[in-house]
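>>> Below: sequence and its predicted model.
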Amino acid sequence: LSSVPLQILFYVNGIYYIFYFLATLAMIVYKSQVFSYPDDLLGPDLALLFIMAILEVLRLYLGSKGNLTEEEAPLGLSLVITVGSVILSVYFLVWQTYVLKADVIINVVLLFTYGLESVLKVIAIAAFV
């Protein structure tokens with residue numbers, strides 16, 4: 001009953017998130033050097049990026065484990081953690097100090113994968129029950 005498309009998406013999303021994390025970190029460093037980035041906002045932006053990375057690792061681990069073992073609980077918990085990841089992605093898309101066009105592009109792709117992954121998770125949970 002495990003979902004092969006969901007497992008493939010977990011793998012692709014893991015690779016994409018590594019790119020996302022490094023690109024966002026590089027852009028924050030770039031923005032702090034090129035623009036007059038307020039010092040009191042640089043720390044929170046970096047902290048939120050690292051919190052998002054921790055959530056992403058946890059989300060992908062629980063989702064993959066839940067899918068492969070055909071258990072609803074880890075997959076459902078992964079779905080709940082996805083909500084936090086979506087909120088953080090929207091923060092980096094809309095509310096961070098400076099938003100570049102590259103920020104918009106990589107966040108829209110990430111939000112699309114979150115949406116697709118969420119639909120597949122709900123289908124997998126329904127199949128497991």
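Received it, and whenever you're ready, just let me know what you need.

>>> wait, what's in contact with Leu49?
Phe21, Thr24, Leu25, Ile28, Phe92 (C-beta atoms under 8 Å, 6 or more residues apart in numbering). Every residue, glycine included, has its C-beta placed from N, CA and C.

>>> Now render the residues you listed as CSV, adding secondary structure, pLDDT and neighbour count.
Shown next, in CSV, are the contacts of Leu49 (DSSP: H, G, I helix; E, B strand; the rest coil; pLDDT from 0 to 100; neighbours: other C-beta atoms under 10 Å):
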residue, secondary structure, pLDDT, neighbour count
Phe21, helix, 98, 15
Thr24, helix, 97, 24
Leu25, helix, 97, 15
Ile28, helix, 95, 20
Phe92, helix, 96, 22
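
>>> Nearest to Val99 among the residues you listed?
Phe92 (7.9 Å; C-beta to C-beta).

>>> Could you tell me which residues make contact with the spatially closest residue to that closest one that is not a sequence neighbour?
On the basis of C-beta to C-beta, 6 or more residues apart in numbering, the spatially nearest residue to Phe92 that is not a chain neighbour turns out to be Asn107, at 5.5 Å. With contacts taken as C-beta under 8 Å, 6+ apart, Asn107 has the following neighbours: Ser89, Val90, Phe92, Leu93.

>>> Which element, helix or strand, includes the most centrally placed residue in the chain?
The central residue of the chain, meaning the one whose C-alpha is nearest the mean C-alpha position (C-alpha atoms, centre = their mean), is Ser85 at 4.8 Å. In this structure, Ser85 sits in helix 72-90 according to DSSP states H and E.

>>> all helices of this protein, in order?
Taking DSSP state H as the criterion, the chain carries its helices at 4-34, 39-69, 72-90, 101-128.
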